[in-house]
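K.L.:
just a sequence and a predicted model for now, questions to come.
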Amino acid sequence: MKGLSRRASVAFGAVFATSLMAFSGAQAIAAPQEGGVRDVDWHAATFEVPEIGPCPQQVVEFADGEAHLPDHLYRFTPERDIVFADVTGDGTEDALMLVECGVPNSEYTRALIGMTADPEVRLLGAVESPPTWTRVPDDIGVEPHEDLGQIVTANITDFETDRTYEKRYTWSDYYNAFLSLNG
């Protein structure tokens, strides 16, 4: 890179590394945590987020609970706690969190996502990701089930119909995803 300034060389290197990661499928995510998902500072971590409304699945770097990208704003849902439970049944505690995303200065679509740290922090997937901002998951719960392991519950508010209903999900090792138990 003879003739390039140091700043241009560093920028080129960063672009090249990011392109290489994207091409190879590598992901830059939060570092493994000795204590598991409870020890991750999720509001200041870098991790893969699933597709949420108009926002694509991608690795996002959060700072103070938000991630500002050129076309999208990701944020943790204000005043909502992260729920911890072994929802996959593998003996490792997982994290369930409400994350919103949208075009800046617009309505944000909210999704309930699952993360794990076994031992690396990684995305389990979207538990509930409504197709529109008018359906909002909230009030997360986890309850044991004799046959299905842990059941994840979320109340969904539908602003178009002014109706609230409960959805229930379980983890499927076969599909490596959360499955809805009530459609």
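P.N.:
Received the coordinates, thanks.

K.L.:
quick one, phi/psi of the residue nearest the centre of the chain?
P.N.:
Nearest to the mean C-alpha position of the chain, by Cα atoms, centre = their mean, lies Val49 at 3.9 Å. Recorded main-chain torsions at Val49 are phi -110, psi 140, according to degrees, to the nearest 10.

K.L.:
Val59 versus that one, what's the distance?
P.N.:
Val49 sits 8 Å away from Val59, going by Cβ to Cβ, to the nearest Å. Every residue, glycine included, has its C-beta placed from N, CA and C.

K.L.:
sec struct for the nearest residue to the residue nearest to the centre of the chain once chain neighbours are set aside, please.
P.N.:
Leaving out its chain neighbours, the residue that sits closest to Val49 by Cβ to Cβ, 6 or more residues apart in numbering is Val60, at 4.9 Å. Assigned by DSSP: H, G, I helix; E, B strand; the rest coil, the conformation of Val60 is strand.

K.L.:
count the residues that sit near the residue nearest to Glu51 when sequence neighbours are not counted.
P.N.:
Distance criterion Cβ to Cβ, 6+ apart; nearest residue to Glu51, sequence neighbours excluded, is Gln57 at 4.7 Å. Other residues within reach of Gln57, judged by other Cβ atoms under 10 Å, total 13.
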